[in-house]
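S.K.: One predicted model, sequence on top.
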Amino acid sequence: MGLIVDSSVLIAAERGKLDWNAFVRKWSSEPLFMASITLSELRHGFHRATGPNGEKRRAFIQEVEVGIPVLEFAAEEALIHAKIWAEMETIGRRIGPHDMIIAATALANEHSVATLNESEFGRVPGLKLIAMKQFLIK
């Protein structure tokens, strides 16, 4: 079992709002991963950044890419995604499309999700969450 790190966590870390080192120390026994859509979200933020923020963000993303393996969204993930999507739509509890991809990736690989977005991910049946609020810098 491992942890999929959600973009909310990585963005907070990049902005200096989350103690990334404390998180890594606490969960050092678990391998960290990110979903492929998370990499896309991070890169999207980079492409939109201007000036010194762009360079800072580029350095952060490069560090993240080297240190956290990316899990692909492939057939197994797609099948689980379709099931989550249908079930959640039926009961009127849909979450964002990117979050559904992250949730499906986590479930397909039997990983938990480390997130600051518990309200969305908490709606997905069977998904294990790691609350990250304790690592926020006040």
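M.R.: Now that the structure is in, tell me what you want to look at.
S.K.: For this structure, just list every one of the helices.
M.R.: Assigned by DSSP state H, the helices in the chain fall at 7-14, 20-26, 36-48, 51-67, 75-90, 97-109, 118-121.
S.K.: Any chance you could list what contacts the fourth one?
M.R.: Which is helix 51-67. Helix 51-67 has contacts (CB atoms under 8 Å, 6 or more residues apart in numbering) with L10, A13, E14, L32, M34, L39, L42, R43, G45, F46, A49. Every residue, glycine included, has its C-beta placed from N, CA and C.
S.K.: And for the second one?
M.R.: Residues from elsewhere that reach helix 20-26 (CB under 8 Å, 6+ apart): V9, A13, L32, A114, M132, F135.
S.K.: Give me the mean pLDDT for it.
M.R.: Computed over helix 20-26, the mean pLDDT rounds to 93.
S.K.: please begin residue numbering at 6 from this point
M.R.: Right, with 6 as the first residue, what we last looked at is helix 25-31.
S.K.: For V71, see how far away L47 is.
M.R.: The gap separating L47 from V71 is 13 Å, by CB to CB, to the nearest Å.
S.K.: and the gap between the residue of the chain most remote from its centre and F65?
M.R.: Within the chain, the residue lying farthest from the chain centre (CA atoms, centre = their mean) is G56, at 25.9 Å. According to CB to CB, G56 and F65 sit 15 Å apart.
S.K.: Pull the number of nearby residues for the residue lying closest to R48 once chain neighbours are set aside.
M.R.: Nearest residue to R48 in three dimensions, chain neighbours excluded: I66, at 6.7 Å (CB to CB, 6 or more residues apart in numbering). I66 is flanked by 17 other residues according to other CB atoms under 10 Å.
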